[in-house]
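> show me how the following folds:
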Amino acid sequence: MPTTGCLALPIRDDRGVTVGALGFSGARHRVEDPTEVIGALEPTARALAPLVV
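Numbers count the residues shown, from 1 in each chain. Here you go, the predicted model:
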């Protein structure tokens, strides 16, 4: 059984179109219950959105 996992959050432009993604790789328990990881990464994904051309 794997001990690691990954997930990704979309980076969306002002029209809601996905223009990129922010990925996470880490311990399996963080991916199985990703609430904390998503909460930490969502503000960064929103902050990056205007910078993606």
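> please make it C-alpha for all contacts and neighbour counts, starting now.
OK.
> residues in a beta bridge with the residue nearest the centre of the chain, which ones?
Nearest to the geometric centre of the chain sits Leu9, at 2.8 Å (CA atoms, centre = their mean). Under the criterion DSSP bridges, Leu9 forms beta bridges with Leu22.
> do you know the pLDDT at it?
On pLDDT, Leu9 comes in at 96.
> repeat for the one 5 residues further on
We have a pLDDT of 89 for Asp14.
> now swap in Leu48 and tell me
pLDDT, Leu48: 93.
> okay, now it: neighbour count?
Burial of Leu48 is recorded as 16 neighbouring residues (other CA atoms under 10 Å).
> so what's it closest to, chain neighbours aside?
Ile11 (7.2 Å; CA to CA, 6 or more residues apart in numbering).
> please enumerate the strands of the protein.
In the chain, the strands defined using DSSP state E lie at 4-12, 18-27.
> with adjacent residues omitted, what lies nearest to Glu36?
The shortest distance from Glu36 to any non-neighbouring residue, by CA to CA, 6+ apart, is to Arg30 (7.6 Å).
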